[in-house]
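Peer 1: The sequence and its predicted three-dimensional model are supplied below.
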Amino acid sequence: MPRHSIAEIAKALGAEAEGNLSLTVARVAEPGAAGPDDLALAVNPKYSDGLAKGQARAAMLWPGADWRAMGLQAAIFAPRGRLAMAGLTGLMDPGPDLSPGVHPLSDIRTDAVIGEGAAIGAFVTIGAGVVIGPIASHVSIAEGARIGADALILQGARIGARVTIGDRFICQPGAVIGADGFSFVTPEKSGVEEIRETLGSRDTIRQQSWTRIHSLGAVTIGDDVEVGANACIDRGTIRDTVIGSGTKLDNLVHIGHNVQVGRDCLLCGQVGIAGSAQIGDRVVLGGQCGVNDNIFVGDDVIAGGATKIFTNAPAGRVLLGYPAVKMEAHVEMQKALRRLPRLAAKVAEIEKVIQKS
């Protein structure tokens, strides 16, 4: 396992360091579990107590921390802890063990274009006309796909036909990009269509069968996009489903057909976006958020976990709840809801007084 000196780490992070800068570490660890060869992460004073429980000789601390009093030999100071952790983990991560070349158990069509230095693992299937950058492992890439440089596509990923992906793409195991959209229609107006119009009432309940609408579009993904494990991005019906550059999708995120997601969005675990919704730039959707079909969510919207967005959300709005409302309104509503039992008891007392009078 490679070792890194405190000086080397500080230089890579653009951070200040003090003490024995030639001291080397092999791993990072939480303060209480850190050993002599670990760099302890205590970027907030609330983590400092853990240093006494561990055996770390060096730590990443908050600015102004008295590292000598903590019994350390060296310290790196991180003004913005999580940002420093991003650089630190990037430096310490050895990455997957992939050797350059094509494994003999792979199935690659002769007209596929494989980038120089590519590492193609066992049981990879690459279809006709595929253009792919340097790295792929244990994946299936269908015909006509285009994947840019410096891709990292991990075990079990499935990339469909004609999908176009930019540079520096990261795809976690089991993700599926370019499956058909979930789109069906009935010969006559369905119960779903009727309920959409009436918001609840139904004249009659009719038997209905579903006719499949095929997906002729594909998926277009920009540069620097990451897709989490078992996430699914459906192809468009006619036009492509689009994921903007810099956007990150967590595990189990589902993007429906025709959805347009902007740049630098953060979609957390189990987010679901229904077909033809439009998501602006820099939108953050917390875990289990849901977005209705055919609506837009404006730039810079932030939605807390489990928020359900049923109507258009203007740019910059902070949302929470089911259905989504302004976060401050949701907080007041929850306060009022908690007061209901006491209010009901007071009303009951008032009724008793009225009845006696």
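Peer 2: Received the coordinates, thanks.

Peer 1: And the lowest mean pLDDT element among the helices and strands of the chain?
Peer 2: strand 135-136 (a mean of 68; mean pLDDT, DSSP states H and E).

Peer 1: Okay, now the sheet partners of the helix or strand just after it, with direction.
Peer 2: Sequence order places strand 140-141 as the next helix or strand after strand 135-136, per DSSP states H and E. According to DSSP bridges, strand 140-141 has the following sheet partners: strand 125-126 (parallel), strand 158-159 (parallel).

Peer 1: As JSON lines, those strands with mean pLDDT would be great.
Peer 2: As requested, those are exported to JSON lines (pLDDT from 0 to 100):
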{"stretch": "strand 125-126", "mean pLDDT": "90"}
{"stretch": "strand 158-159", "mean pLDDT": "96"}
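
Peer 1: Can you tell me which of those strands is most buried?
Peer 2: Each of those was scored by mean neighbour count; the highest is strand 158-159, a mean of 24, by mean count of other C-beta atoms under 10 Å. Using the backbone N, CA and C atoms, a C-beta is placed for each residue, glycine as well.

Peer 1: neighbouring contacts of that strand?
Peer 2: Strand 158-159 has contacts (C-beta atoms under 8 Å, 6 or more residues apart in numbering) with 139-142, 145, 147, 153, 165, 171, 175-179.

Peer 1: May I ask which two of those residues are separated the most?
Peer 2: Across the contacts of strand 158-159, no pair lies farther apart than Ile147 and Ala179, at 16.9 Å, counting by C-beta to C-beta.

Peer 1: Of these two, which one has the most company?
Peer 2: Shown here are Ile147 and Ala179; by other C-beta atoms under 10 Å, Ile147 has more neighbours (25 against 15).

Peer 1: Report pLDDT for the more buried one.
Peer 2: Residue-level confidence at Ile147 comes out at 94, pLDDT.

Peer 1: ditto for the one 3 residues further on
Peer 2: Asp150 is assigned 88 on the pLDDT scale.

Peer 1: going forward can the numbers begin at 134, since that is how I track them
Peer 2: Let's use 134 as the start, then, which means that last one is Asp283.

Peer 1: what about it, neighbour count?
Peer 2: Other residues close to Asp283 by other C-beta under 10 Å number 15.

Peer 1: same thing with Met203?
Peer 2: Per other C-beta under 10 Å, the neighbour tally for Met203 reads 18.

Peer 1: so what's it closest to, chain neighbours aside?
Peer 2: Nearest residue to Met203 in three dimensions, chain neighbours excluded: Leu184, at 5.1 Å (C-beta to C-beta, 6 or more residues apart in numbering).

Peer 1: secondary structure class for Gly223?
Peer 2: helix (DSSP: H, G, I helix; E, B strand; the rest coil).

Peer 1: Just send the strands paired with strand 273-274 back as TSV, with distance to Pro447 too.
Peer 2: TSV is the format used below for the strands paired with strand 273-274 (distance: least, C-beta to C-beta, whole Å):
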stretch	distance to Pro447
strand 258-259	44
strand 291-292	35
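
Peer 1: what's the spacing between Val235 and Ile442?
Peer 2: 45 Å (C-beta to C-beta, to the nearest Å).

Peer 1: quick one, which of those two is more surrounded?
Peer 2: Using other C-beta under 10 Å as the criterion, Val235 and Ile442 rank with Ile442 on top: 26 against 16.

Peer 1: any weak-confidence spans in the stretch 384-490 of the chain?
Peer 2: Within the stretch 384-490 of the chain, not a single segment meets pLDDT under 70.

Peer 1: ok, now how distant is the residue in the chain sticking out farthest from the centre from Gly437?
Peer 2: Here the chain reaches farthest from its C-alpha mean at Ser490, the gap being 62.9 Å by C-alpha atoms, centre = their mean. In this view, Ser490 and Gly437 are 47 Å apart by C-beta to C-beta.

Peer 1: Excluding sequence neighbours, find me the nearest residue to Glu276.
Peer 2: Gly260 is the one closest to Glu276 (C-beta to C-beta, 6+ apart), at 3.8 Å.

Peer 1: coming back round to it: residue contacts, the residue nearest to Met203?
Peer 2: Contacts of Leu184 by C-beta under 8 Å, 6+ apart are Pro164, Gly165, Ala167, Ala173, Ala175, Ala192, Met203, Gly204, Leu205.

Peer 1: Which of the residues you listed are buried? Put it as a PyMOL command.
Peer 2: In PyMOL, a selection of the buried entries from these looks like this (16 or more other C-beta atoms under 10 Å):
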select buried, resi 164+165+167+173+175+192+203+205
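
Peer 1: Gly333 and Val325: what is the separation?
Peer 2: Gly333 is 12 Å from Val325, by C-beta to C-beta.

Peer 1: for Ala269, same thing?
Peer 2: Note on Ala269: its distance to Val325, by C-beta to C-beta, is 40 Å.

Peer 1: higher neighbour count, these two?
Peer 2: Ala269 (30 against 10).

Peer 1: Would you mind naming the residues that bridge with the more buried one?
Peer 2: Ile253.

Peer 1: so who does it touch?
Peer 2: Ala269 makes contacts with Ala251, Ala252, Ile253, Gly254, Val257, Ile259, Ile280, Ala284, Ile286, as judged by C-beta under 8 Å, 6+ apart.

Peer 1: Go ahead and confirm the second one touches Asp230.
Peer 2: It stands for Ala252. No: using C-beta atoms under 8 Å, Ala252 is not in contact with Asp230; the gap is 9.6 Å.
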